[in-house]
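1. Following is a predicted model, sequence given first.
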Amino acid sequence: QLQVVESGGGLVQPGGSLRLSCAAFGFALEHYSIGWFRQAPGKEREGVSCINSSDGATYYADSVKGRFTISRDNAKDTGYLQLNSLKPEDTAVYYCAVVKGNSWHCAPAWYDDWGQGTQVTVSS
């Protein structure tokens, strides 16, 4: 059974860093695109960053460009999202999701299997 599990969230001060992990169970992550999404209270879920399976092409939302970095380690069946220079507006539940093959849009509707989410809170 295909399962993804996020970890690495927490409470951090503005300007701080976190690294989120997305572990895959029951399938080979190398054949899947990985997406990171977030949802703040009262807001819609939005695409933060995505990385394709075959060519490694990446996408970043404008709000995180230059601060967040997506990566993957197929040998470990794990994806990562490095969050630097965090701001209070980055506070949200962060979700990892996967879809087989390449994904042409970093949007929730294009991803099939989701983790349970991990809370990121940026506050002093």
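-> Yep, that arrived. Numbering: from 1, shown residues only.
2. Check which helix or strand the residue sitting nearest the centre point of the chain maps to.
-> A centroid search over the chain (CA atoms, centre = their mean) returns Trp36, at 2.3 Å, as the residue closest to the centre. Using DSSP states H and E, Trp36 sits in strand 32-39.
3. For stretch 110-119, measure first residue to last.
-> As for stretch 110-119, its first-to-last residue distance stands at 22 Å under the measure CA to CA, to the nearest Å.
4. Now that stretch: average pLDDT?
-> Computed over stretch 110-119, the mean pLDDT rounds to 97.
5. Residues in contact with that stretch: which ones?
-> Stretch 110-119 has contacts (CB atoms under 8 Å, 6 or more residues apart in numbering) with 2-10, 20, 22, 33, 35, 37, 39, 92-100, 103-104. The way it works is simple: take the backbone N, C-alpha and C, and place the C-beta from them, glycine included.
6. contacting residues for the spatially closest residue to Leu83 that is not a sequence neighbour?
-> Taking CB to CB, 6 or more residues apart in numbering, and ignoring the residues beside it in sequence, Leu83 has Leu18 as its nearest neighbour in space, at 4.7 Å. Residues in contact with Leu18 (CB under 8 Å, 6+ apart) are 8-10, 12, 82-83, 86, 120.
7. Val64 too?
-> Val64 makes contact with 48-49, 90, according to CB under 8 Å, 6+ apart.
8. how much space is there between it and Ala75?
-> Distance check for Val64 against Ala75: by CB to CB, to the nearest Å, it reads 26 Å.
9. contacting residues for Gly10?
-> If a contact means CB under 8 Å, 6+ apart, then Gly10 has 18, 119-121 as its contacts.
10. can you pull up the bridge partners for Phe25?
-> Gln3 (DSSP bridges).
11. Quick check, pLDDT for it.
-> We note a pLDDT of 96 for Phe25 in this prediction.
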